[in-house]
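[1] Got a sequence here, can you build the structure:
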Amino acid sequence: MTSGPITAEYDVIVIGGGPAGENAAAYAIAGSERTAAIVERELVGGECSYWACMPSKALLRPVHVLSGAQAMAGIGASGPEVDAVLARRDSFTHDHDDSSQVQWATDSRIDVIRGTGRLAGARLVEVDGRILTARHAVVLATGTKANVPDIPGLRDALPWTSRDATNLREVPRRVVIVGGGVVACEAATWLAGLGAEEVTLLVRGDSVLGNAEPFARERVAAGLADAGVRVRFGTQPAQVEREDAKDTGEGRIHGGTVTVQLRGDKVDPDDARIEADEIIVAAGRGPATKDLGLAAVGLPDGSVDVDDRLTARGVDGDWLYAVGDVNGRVALTHMGKYQARVCGDVIAARAEGRELSQARFAATADHEQVPQVVFTAPEVASVGLTEAAARKAGYSVQAVEIDIAVAGSSLARDDYSGRAKLVIDADADTVLGATFVGPEVGELLHAATIAVVGKVPLATLWHAVPAYPTVSELWLRLLEARRT
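    The predicted model follows:
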């Protein structure tokens, strides 16, 4: 344990000021006289607000709008105007000024402490040499950091990570993206849509979005190809070189040509070298727990294992919690915020000596009920289990898969193409999972999420009448297909 005087006390101390940390602090003290502090070394609002969800979707949305307009008879559309798109993105990130987020914290009676926080013992947090103590809880909400593979020459070539890509100041003419997951596919979508002439996606496996339903992977890959993205499966960098590499600042062209030597079982020796202006690494992320002081409370490095109340396992007493990406459960902002709400409610109940018998005190949606939208073109919206995952889990599975072809979709755009799938528990007659692929299908997802979480019988869903003419009418078509 770190020695020294305790110079400040709070009921709740949260290390990490992203959306999960903010929600945990707010819920833990809501309607009470309890005190809370958020320790943040960068910007209050975190990765999502400044480097991930918000800027990436601000870059993607104009691409989707333009595509929709161009697919509608009677509408003239051209673009994009890149400078205006980037300016709009900057309006959402507030030019990396977190004063409004700090004001929210102040208005919510949450102190913001600038600095690097680390555990120094039971209920003790060190912030740049200053020791704070928590009467009730410490919450870890430090998120994750981008992984940069140990490929010869890659780090010296000053690769972009997702942070650089979302904060670009000019669109590179030639880009190589390493990875085939959500970040890689979304980045390829906006780069191609904003005018990059050559975008190459290097995918180590044989498909993009490896955890999605097969038809979703295929349609996203086809959509990328239609946008001019070259998707190379079974391919990864063997070595990277850069001429005159120089760091000119976050989100800017680093200067010098990047040369990537390729390897993989699908690499043609005559096509094993590619040149680009920038290389983006989107090869996964790891928990941001380095120097977090986990050893001080007996925990190993890596993701912090928690139970459904978000309480850290392996620590004496119910005082240490971990929410969001750092606990390794689900790396999605909305799920981190969900965990944080549960965590904050648990902290409040324990502080007040209340029972934890209600469903709200357990984060159960993390297991088989997770919703997600991938904002590619086409979009992918999914919740719950895929057919493969449901079968692996031992369910008696029935799958229904149809094209999205209803009056609402034909009205939405002239070239509408989409597909939908339900994964059904045949024994319980309920929906285990749903996947939608097509334009704007993210707006269809919450109905499916309610069906999955609520375990609504399909016989009951017959009476959930979709409004006409909307794309939601596909629900009727799915039920009809299941009946036949």
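[2] Point out where the stretch 351-484 of the chain drops to low pLDDT.
    Applying pLDDT under 70 to the stretch 351-484 of the chain flags residues 484.
[3] can you pull out the helices in it?
    For the stretch 351-484 of the chain, the helices defined by DSSP state H, counting those that start in this stretch cover 365-368, 387-392, 407-412, 445-453, 458-461, 474-483.
[4] Quick one: closest of those helices to residue 271.
    Residue 271 lies closest, by CB to CB, to one member of those: helix 387-392, at 32.4 Å. The C-beta positions use only the backbone N, C-alpha and C, and glycine is treated the same way.
[5] would you turn the helices of the stretch 351-484 of the chain into a markdown table with mean neighbour count?
    Output for those, formatted as a markdown table (neighbours: other CB atoms under 10 Å):
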| stretch | mean neighbour count |
| --- | --- |
| helix 365-368 | 17 |
| helix 387-392 | 16 |
| helix 407-412 | 16 |
| helix 445-453 | 19 |
| helix 458-461 | 16 |
| helix 474-483 | 17 |
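[6] JSON lines for those helices, including distance to residue 431?
    Formatted as JSON lines, those follow (distance: least, CB to CB, whole Å):
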{"stretch": "helix 365-368", "distance to residue 431": "11"}
{"stretch": "helix 387-392", "distance to residue 431": "10"}
{"stretch": "helix 407-412", "distance to residue 431": "21"}
{"stretch": "helix 445-453", "distance to residue 431": "5"}
{"stretch": "helix 458-461", "distance to residue 431": "7"}
{"stretch": "helix 474-483", "distance to residue 431": "9"}
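[7] how about those, which one is nearest residue 62?
    helix 407-412 (18.0 Å).
[8] Please state the offset of the closest one from the chain centre?
    29 Å (CA atoms, centre = their mean, to the nearest Å).
[9] pLDDT of stretch 140-155, averaged?
    Taken as a whole, stretch 140-155 has a mean pLDDT of 96.
[10] Residue 203 versus the residue nearest to residue 188 when sequence neighbours are not counted, what's the distance?
    With CB to CB, 6 or more residues apart in numbering as the criterion, residue 188 has its nearest non-adjacent residue at 4.8 Å, and that residue is residue 229. According to CB to CB, to the nearest Å, residue 229 stands 11 Å off from residue 203.
[11] picking that back up, which strand residues bridge the residue nearest to residue 188?
    Beta-bridge pairing of residue 229 under DSSP bridges involves residue 199.
[12] Now do it: how many residues are near it, please.
    21 (other CB atoms under 10 Å).
[13] The closest residue to residue 155 other than its chain neighbours sits in which helix or strand?
    Setting aside the residues directly before and after it, residue 155 is nearest to residue 148 in space (CB to CB, 6+ apart), at 6.1 Å. Here residue 148 is covered by no helix or strand, with elements defined by DSSP states H and E.
[14] cool, and the one 4 residues further on?
    With elements delineated by DSSP H and E, residue 152 resides in a region that no helix or strand encompasses.
[15] From residue 185, how far out is it?
    26 Å.
[16] When these two are compared, which one has more neighbours?
    residue 185 (28 against 12).
[17] Grab the nearest non-local neighbour of that one.
    Excluding its sequence neighbours, the residue lying closest to residue 185 (CB to CB, 6+ apart) is residue 376, at 5.0 Å.
[18] Which residue lies nearest the spatial centre of the chain?
    residue 332 (3.8 Å; CA atoms, centre = their mean).
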